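**Student:** here is a sequence with its predicted model. Questions after.
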Amino acid sequence: MFLALVIAATASTPLNQIEAEPWARAEALVAQMTLDEKISMVQGNSPAASKSSYIGIVTGVPRLSIPDFRMNDGPQGFRVKPAAYAGTTTQWPSGLTVAHSFDPALFREWGQAMGNEFYGKGANVQFGPGVNVARVANGGRSFEYLSGEDPFLGFTLVQPTVEGIQSAGVIAGAKHYIGNTQEGLNGSGSRHTTSSNVDERTEMEIYFPPYEGAVKAGVLSMMCGNNLVNGQYVCQNNMSMNTQLKSWAGFKGWVCSDYDGTRSTLAAANNGLDLAMPGPPSRPDYFGVWLHDAVTNGTVREAVVDDKVTRLVYSLAAIGALDKNNTNQISNDVTSDAHRALARSLATQSATLLLNRDSFLPLKLDQLKKVAVIGMAADGHKGAPIYGGGGSGAVVPKAPVSILQAIIESFGRDNVISDVANDIDQAVAVAKSADIAIVVLAQSSKENEDRVTLALDQDDIVSAIGKAQPNTVVVTISPGPFLTNWTDDVKALVDFGFPGEQEGYAVADILLGHATPGGKMPHTMPNVWNEVDMALRQYPGVPPRLDAPNKCSQTADPQPNPPLCSPTNAYFDEKLEVGYRWYDAHSVVPKFPFGHGLSYSTFNFSAIRVTKTGLNEVDVDFSVQNTGSVNGAEVAQLYLGFPSSAGEPPKQLKG
């Protein structure tokens with residue numbers, strides 16, 4: 001079951017969720033600080049971070065027993081920098097992958113397990129979860145974000161994730177706030193230089209709810225993105241930071257910049273940024289000497305700095321870090337059999353069965369004498385398996401299990417043949433010689449660049465193999481939406497997203513029926529590239545004129561108060577028509593719709609009842625019965641339509 005189906009109007013989160021004692025302790029400690037001590041806490045200490053091997057360090061105040069902030073990536077596990085520490089953390093399924101489950105309980109487990117590993121490595125801040133709503137199908141970092149293409153899904157799933165991380169004594173950091181919807185395509189529209197030009201209604205209805213959900217869950221930090229919103233870098237955008245996040249949503253934690261997000265001293269300090277990362281010398285000294293000078297000359301009030309430091313110290317108090325010093329070391333190996341089992345379970349429960357002709361799956365082990373496993377992504381020795389994405393979301397696994405390895409363990413080495421499919425004719429011959437062909441397709445994805453194609457690597461081999469071998473199953477390892485123009489030639493298709501280090505075992509569990517797939521697509525699967533017909537002005541955006549002054553650059557201007565720069569402009573002309581909302585509004589049938597996912601079992605919905613419980617609340621109750629012959633789980637999805645006068649898309653997920 002997805003969640004209790006209670007529909008309510010969104011509202012600002014009140015201060016009453018903030019514990020009075022931690023906030024009061026923070027205020028009392030800040031009152032004892034010198035200005036120099038306060039300034040030292042609102043900017044990263046880059047040399048200390050390099051020495052420690054953490055991604056970020058913020059110096060505490062030892063004389064007041066305020067510990068350092070030890071920060072680390074990322075949104076689906078602890079990313080280690082030194083090669084010597086590789087394989088000392090679990091490579092979990094990515095955020096978007098777990099979102100296939102639509103299951104808040106799984107997100108709580110995932111968050112708590114990640115938090116425990118961060119704590120076990122001495123970190124007290126996790127740069128995660130990633131929560132941005134996917135605007136474009138080919139987003140380079142979409143795999144990190146648990147919202148998929150739906151704001152309500154993100155609003156719902158971020159809450160148990162934050163609660164799980166912070167229950168482990170680690171500050172969760174929701175990111176990348178806000179409008180950070182693209183990485184850049186073929187050198188154009190870089191997130192560092194592009195302004196997301198979006199109207200207030202669209203921003204609040206589509207892109208803000210996951211952050212509101214994080215606030216509701218008591219998230220203690222957020223990371224603002226490297227992008228601009230409506231012409232102003234978001235980390236110094238007063239509307240985005242002070243008004244929408246801190247005033248309207250009632251956020252009482254701190255906001256740190258993504259590592260190229262701080263672009264000034266005065267605008268950033270006065271407009272809501274609390275912590276400039278990573279700090280000099282790798283970035284300009286915006287919140288160091290320049291901020292100290294601004295306070296001294298009165299252009300930034302000391303009360304503004306006090307508020308920033310209070311938010312920071314409050315977060316330490318809230319997780320217990322003022323009372324219990326975490327002495328764990330970054331070199332610790334925090335992997336365990338329990339976490340490997342959980343990673344396998346998460347990957348299995350997130351698997352999404354898109355196609356299953358003639359109930360071909362699950363496979364019957366005793367009826368198959370020879371199994372062919374085909375594709376570069378299947379073979380952990382001769383091939384190039386993909387378990388997760390790149391960039392700050394990357395995690396190096398200790399002992400990843402390839403799909404070929406798991407299939408051999410299941411069927412026996414003598415019963416499995418394989419081919420990496422460098423030669424299509426040879427791959428076809430291998431497939432024909434077996435009773436069944438399992439074709440594995442994959443595509444990597446990473447920070448700083450959007451995908452230039454939605455076709456998975458080697459997808460040109462599928463039709464040839466499927467026509468030669470009628471019993472062909474396709475397994476996909478995907479970072480987001482992808483094209484499936486070959487489905488007429490195969491029996492079954494199962495998508496696993498980026499399942500992490502237990503990929504092989506999860507695939508074997510599903511194909512052999514040890515587990516029943518129950519995942520649903522958190523994004524729409526298109527028929528063609530750019531099916532939503534975005535114009536250049538929408539994505540990747542319109543570059544500044546050749547004669548435009550002061551073009552925006554990835555490199556920050558090293559002066560305290562630089563002039564506004566001229567960005568690439570990405571216009572959100574589609575407004576509310578994001579993802580499946582566009583397909584419904586334009587009566588276009590996708591290849592596979594948002595929320596689609598089959599099962600080995602069948603389910604019956606009955607006795608639906610709608611009860612008004614308040615002015616803006618409705619309870620929807622119904623019965624779900626498993627009418628099949630195997631155990632399985634079903635996701636109940638509730639979509640609402642609004643009167644045409646409301647100007648909303650035809651239907652929207654609301655439960």
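**Tutor:** Yep, that arrived. Just so it is clear, the model here is predicted, and its values are computed rather than measured.

**Student:** scan this protein for its longest strand.
**Tutor:** strand 603-614 (DSSP state E).

**Student:** that strand pairs with which strands?
**Tutor:** Sheet pairing of strand 603-614 (DSSP bridges) gives strand 617-626 (antiparallel).

**Student:** quick one: the partner strand to chain centroid distance?
**Tutor:** 29 Å (Cα atoms, centre = their mean, to the nearest Å).

**Student:** quick check: mean pLDDT across that strand?
**Tutor:** Strand 617-626 comes out with an average pLDDT of 93.

**Student:** what pairs with the helix or strand just after it, and is each one parallel or antiparallel?
**Tutor:** The element immediately downstream of strand 617-626 (helix or strand, assigned by DSSP states H and E) is strand 639-640. Using DSSP bridges, strand 639-640 pairs in its sheet with strand 652-653 (antiparallel).

**Student:** residues contacting the strand it pairs with, please?
**Tutor:** When contacts are defined by Cβ atoms under 8 Å, 6 or more residues apart in numbering, strand 652-653 is touched by residues 150, 152-153, 581, 594-595, 637-642. (Glycine included, C-beta is placed from N, CA and C.)

**Student:** could you redo the last one with a cut-off of 6 Å?
**Tutor:** Applying Cβ atoms under 6 Å, 6 or more residues apart in numbering, the external contacts of strand 652-653 come out as 150, 152, 639-640.

**Student:** now do that strand, average pLDDT.
**Tutor:** 98.

**Student:** what's the answer for stretch 38-55, then?
**Tutor:** Rounded mean pLDDT across stretch 38-55 is 97.

**Student:** now do stretch 158-168
**Tutor:** 98.

**Student:** give me the buried positions along that stretch.
**Tutor:** Neighbour-count burial for stretch 158-168 flags 158-166, 168 (criterion: 16 or more other Cβ atoms under 10 Å).

**Student:** rewinding a little: now a ChimeraX select for only the buried ones of the contacts of strand 652-653.
**Tutor:** This is the ChimeraX syntax for the buried subset of these, where burial follows 16+ other Cβ under 10 Å:
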select :150,152
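
**Student:** residue 363 contacts residue 513, doesn't it?
**Tutor:** No - using Cβ atoms under 6 Å, residue 363 is not in contact with residue 513, being 7.3 Å away.

**Student:** between the two, who's got more neighbours?
**Tutor:** residue 363 (22 against 15; other Cβ atoms under 10 Å).

**Student:** any idea how far that one is from residue 469?
**Tutor:** 14 Å (Cβ to Cβ, to the nearest Å).

**Student:** same check, this time on residue 305
**Tutor:** Taking Cβ to Cβ, one finds residue 305 at 68 Å from residue 469.

**Student:** doesn't residue 649 fall inside a strand?
**Tutor:** No - counting by DSSP: H, G, I helix; E, B strand; the rest coil, residue 649 is not part of a strand but coil.

**Student:** tell me the pLDDT of the closest residue to it other than its chain neighbours.
**Tutor:** Distance criterion Cβ to Cβ, 6 or more residues apart in numbering; nearest residue to residue 649, sequence neighbours excluded, is residue 581 at 3.7 Å. With respect to pLDDT, residue 581 scores 98.

**Student:** what is whichever strand or helix holds residue 439 packed up against?
**Tutor:** Counting by DSSP H and E, the element that carries residue 439 is strand 436-442. Secondary-structure packing of strand 436-442 (3 or more Cβ pairs under 6 Å, 6 or more residues apart in numbering; DSSP states H and E): strand 371-374, helix 462-468, strand 472-477.

**Student:** just want the angle from that strand to strand 472-477.
**Tutor:** Put simply, strand 436-442 runs at 20 degrees to strand 472-477, going by axes from the mean of the first three to the mean of the last three Cα atoms, to 10 degrees.
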